[in-house]
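Q: Predicted coordinates and the sequence they were generated for:
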Amino acid sequence: DHRDLHLSLRRQRQMCIRDRGWMYHALNQELSLDQAMRESMARAFSRLAGRLFSFALVFMIAAVVSPLQAGEDDFEPNFPRTMSWSAYNLGTTGYNQAVAIGKALKDNYDVNLRVLPGKNDVSRLLPLQRGRVQFSANGVATYFGQEGVFQFAGKTWGPMPLRMVMASHGESNQALGVADDLGIKTYADLRGKRVPYVRGAPALNVTTEAFLACGGLTWDDVERVDFPGYSAMWTGVVNGQVDAAYATTVSGPTRKLEASPRGIFWPPAPHDDEGCWERMATVVPFMQKHVATRGAAISVDNPHEGATYPYPMLITLADQDEQLVFDLARAIDVHYEEYKNADPGSIGWAMERQNFQWVVPFHDGSVRYFQSIGVWSDEAQAHNQRLIERQDVLAQAWQAHKAEDPDDFTEVWMSRRAEALTAAGFDPIWRQ
C-alpha cells in the first residue's frame, strides 16, 4: 500500500545518502534508485570485507610477532650482580671486547663486569681454575689448557674440562707483525732476526713457531729474545729490541708500531703455498685460511692473506651453571648491535660468524641456546660430542698419571697422553 511504498522509498534514500558518491553516480549514469541501492550495498559489503581482512591480517601478524617480542621482553636472566672474567692485557682487542660486552650487560641487566687483565696464558686461566672468575675471554691457550700440554702439563694443571660460550670471528688475522724498516716481505726473511719469546705464554710462542715454520724456519734459525708479557713484547718491537711479534692484526699494541718510525708489515701465509700450510699444521692444528680486511696497515684496499682462529673466545669450565651460560650466550647475541662497533674485532661475535666445529667443545648452556634459535645442527652435535670424548680420555689418563706420580712427571705425562689419545682414535698432535 501507500505507507509500505513510502517506507521502502525512505529506506532506499537513507541507504543512498550514506554513500552520496554512489547517488551521484546513479544520477550521472541514469541509474534507478534500486540499482544505486544495490551498488551502495555492494560497496558497503566490500568495505566491511576489507576491514575484516585487515583485522585478520593484523591478528595473524600479531600471532607470529607476539611470541618473538614476548620472548625478548620476557628475558629476565638471573645474572649475579657482579660477574668476573679474565682477559688479555689492557688495550688489547680481547680486553676491549670484554669491556664492551660488559657495558651491554650493565646497561640492560645492571651487571657489574670485573675484567681482570692477565699478561700471559697462566695468569688468565689460573683465576678460572681457582674459581676467582666465572669466565675468561681467552685466546688459543684454551686449546693448550684442554690438552694438558706446555705450561699445563705440570702437576698443578693437567688437562682442563674447558667449554666455549661464544667466540669472536672477526675480519682480522693472526700473524707475525714485523718492523717495516727492515724490508722483510716473507716469513723466510726472518732468518737471523730477533724474535720474542714470552715466558709462560705457550699460545704466543707456539703460534710464533708456526709462522716461522711457514717460512721454513725454527727457533734455531732466529735470535730468541725473552719477555715477561704480551705488551712488553710489542713495546720491544717499537723500541728496537726485537724485529717481529705475534698478534691479532687489530690488537691495540700493533697500532703503536704502525704509528712509530719503524712502521709495521704483515708477511702473508699464501693460501696456495701448500708447504707453508703443511708445516704450520705440524705445529698447531687450529689455524684456518682467512683474508683480513681489518688491522694495523690492513684495509679492504690493502687486505692480508694469512691465517686466523677465534679470538677472543669466551670460555668457562664444564661444571659452570648451565642456565647462567645459556643466559650469557643469549645476552651476547641479543645485544650484539650495542657493542659491535666498540672495537674493530667486535663484529666477530655475530651469530652467523660462529664456528660450531672448532677444536674446543661448547658448553651445554650454549648448545641449548643455539638449539633454541635453530642454528645448531646434527653435525655440530656429533663434532661437539667427539671433542668431549677426547677430554674424557685426557681426564682418565691424567688421573692414572697423578696416581703413579713419576719423578719425571711432565715427560712421562706427555708419553702417557699420546698413548691414551692414540688408543682412543685421536691424534695427540704433541707427543713430547
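A: Nice, I can see it.
Q: Next up, phi/psi of the residue nearest to His363 when sequence neighbours are not counted, please.
A: The shortest distance from His363 to any non-neighbouring residue, by CB to CB, 6 or more residues apart in numbering, is to Arg163 (3.7 Å). Where you see a C-beta, it was placed from the backbone N, CA and C, and this is true even at glycine. The phi/psi pair for Arg163 (degrees, to the nearest 10) reads phi -140, psi 140.
Q: What about Arg163, how many residues nearby?
A: 27 (other CB atoms under 10 Å).
Q: And Ala400, by the same measure?
A: Residues near Ala400, counting by other CB under 10 Å, number 11.
Q: Show me which parts of the helix or strand that contains it are buried, residue by residue.
A: Taking DSSP states H and E as the definition, Ala400 sits inside helix 378-404. By 16 or more other CB atoms under 10 Å, the buried positions in helix 378-404 come out as 380, 383-384, 387, 390-391, 393-395, 397-398, 401.
Q: just the strands in the stretch 1-150 of the chain please.
A: 82-87, 112-117, 135-138 (DSSP state E, counting those that start in this stretch).
Q: Next: the stretch 301-432 of the chain.
A: Going by DSSP E, counting those that start in this stretch, the stretch 301-432 of the chain shows strands at 304-308, 313-317.
Q: okay, these in JSON lines with distance to Ala137, mean neighbour count and mean pLDDT next?
A: Compiled in JSON lines, the strands of the stretch 301-432 of the chain are given as follows (distance: least, CB to CB, whole Å; neighbours: other CB atoms under 10 Å; pLDDT from 0 to 100):
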{"stretch": "strand 304-308", "distance to Ala137": "17", "mean neighbour count": "23", "mean pLDDT": "97"}
{"stretch": "strand 313-317", "distance to Ala137": "6", "mean neighbour count": "25", "mean pLDDT": "98"}
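Q: Throw those strands into a markdown table and include distance to Gly263, thanks.
A: Shown next, in a markdown table, are the strands of the stretch 301-432 of the chain (distance: least, CB to CB, whole Å):
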| stretch | distance to Gly263 |
| --- | --- |
| strand 304-308 | 15 |
| strand 313-317 | 30 |
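Q: so which of the ones you listed comes closest to Val375?
A: strand 313-317 (16.8 Å; CB to CB).
Q: Mind listing the strands that closest one pairs with, and their directions?
A: Using DSSP bridges, the strands paired with strand 313-317 in its sheet are strand 135-138 (antiparallel), strand 162-167 (antiparallel).
Q: Quick check on Asn302: phi, psi?
A: According to degrees, to the nearest 10, Asn302 has phi -130, psi 70.
Q: And it, how far from Gly348?
A: Look at Asn302 and Gly348: by CB to CB, to the nearest Å, they are 20 Å apart.
Q: the more surrounded of the two?
A: With neighbours defined as other CB under 10 Å, Asn302 and Gly348 compare such that Gly348 has more, 26 against 11.
Q: Wait, the more buried one touches Ile101, no?
A: No - with contact defined as CB atoms under 8 Å, Gly348 does not count as touching Ile101 (11.8 Å).
Q: then stretch 215-234 to PDB, C-alphas only?
A: The C-alpha coordinates for stretch 215-234 follow below in PDB (Å, rounded to 0.1, in the frame of the first residue of the first chain):
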ATOM      1  CA  GLY A 215     108.900 -19.700   6.200                       C
ATOM      2  CA  GLY A 216     110.800 -22.900   6.700                       C
ATOM      3  CA  LEU A 217     112.400 -21.700   9.900                       C
ATOM      4  CA  THR A 218     112.600 -22.900  13.500                       C
ATOM      5  CA  TRP A 219     113.700 -21.200  16.700                       C
ATOM      6  CA  ASP A 220     117.200 -22.200  15.900                       C
ATOM      7  CA  ASP A 221     117.200 -20.000  12.800                       C
ATOM      8  CA  VAL A 222     116.300 -16.800  14.700                       C
ATOM      9  CA  GLU A 223     117.700 -14.900  17.700                       C
ATOM     10  CA  ARG A 224     115.300 -15.600  20.600                       C
ATOM     11  CA  VAL A 225     114.700 -12.700  23.000                       C
ATOM     12  CA  ASP A 226     112.700 -13.300  26.200                       C
ATOM     13  CA  PHE A 227     109.900 -11.000  27.500                       C
ATOM     14  CA  PRO A 228     107.700 -11.200  30.600                       C
ATOM     15  CA  GLY A 229     104.400 -10.400  28.800                       C
ATOM     16  CA  TYR A 230     102.500  -9.600  25.600                       C
ATOM     17  CA  SER A 231     102.600  -5.800  25.900                       C
ATOM     18  CA  ALA A 232     106.300  -5.800  26.900                       C
ATOM     19  CA  MET A 233     107.000  -7.800  23.700                       C
ATOM     20  CA  TRP A 234     105.300  -5.300  21.500                       C
END
